[in-house]
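In: pasted the sequence and its predicted model underneath.
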Amino acid sequence: MKRTEFVTEISKRKGMNYHKSSRAVNAVMDTIRAALLNGDEVEVGGFGTFGVVTDLNGERIPVFKAGRALKNVLNTCENGGK
């Protein structure tokens, strides 16, 4: 799913227009990005945790660790949740 499809899906599910949904998605992504830049982890309950690790060359790499609830949904739904 591409970003535009993601925003369209949010618009449908929440009854919002596309531009309002797009601004909301941008706000979430900007907030996660800023937290990671500050060295913070971002934990989204029932979904997972975004963080940053440093490799042996000193490069910072974003990581995501799925939460238990997300893992359960993916492993119990037919066709991987599709």
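Out: Good, I have the coordinates. Residues are numbered from 1 along each chain as shown.
In: show me the domain layout of the protein.
Out: 1-40, 42-82 (automatic domain parsing).
In: just put those domains in a markdown table and tack on mean neighbour count.
Out: Every residue, glycine included, has its C-beta placed from N, CA and C. Supplementary listing: these in a markdown table, determined by neighbours: other C-beta atoms under 10 Å:
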| stretch | mean neighbour count |
| --- | --- |
| domain 1-40 | 12 |
| domain 42-82 | 11 |
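In: what would these look like in a markdown table with mean pLDDT?
Out: As requested, the domains of the chain are exported to a markdown table (pLDDT from 0 to 100):
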| stretch | mean pLDDT |
| --- | --- |
| domain 1-40 | 97 |
| domain 42-82 | 90 |
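In: which residues of the chain fall in helices?
Out: 3-14, 18-37, 68-76 (DSSP state H).
In: these into a markdown table, with extra columns for distance to G58?
Out: Shown next, in a markdown table, are the helices of the chain (distance: least, C-beta to C-beta, whole Å):
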| stretch | distance to G58 |
| --- | --- |
| helix 3-14 | 30 |
| helix 18-37 | 16 |
| helix 68-76 | 31 |
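In: of the ones you listed, which approaches I61 most closely?
Out: Smallest distance to I61 across these (C-beta to C-beta): 10.5 Å, for helix 18-37.
In: ok, the nearest residue to I61 once chain neighbours are set aside - contacts?
Out: Spatial nearest neighbour of I61, excluding adjacent residues (C-beta to C-beta, 6 or more residues apart in numbering): V53 at 5.4 Å. Residues counted as contacts of V53 (C-beta atoms under 8 Å, 6 or more residues apart in numbering) are R60, I61, V63.
In: perfect, that will be all.
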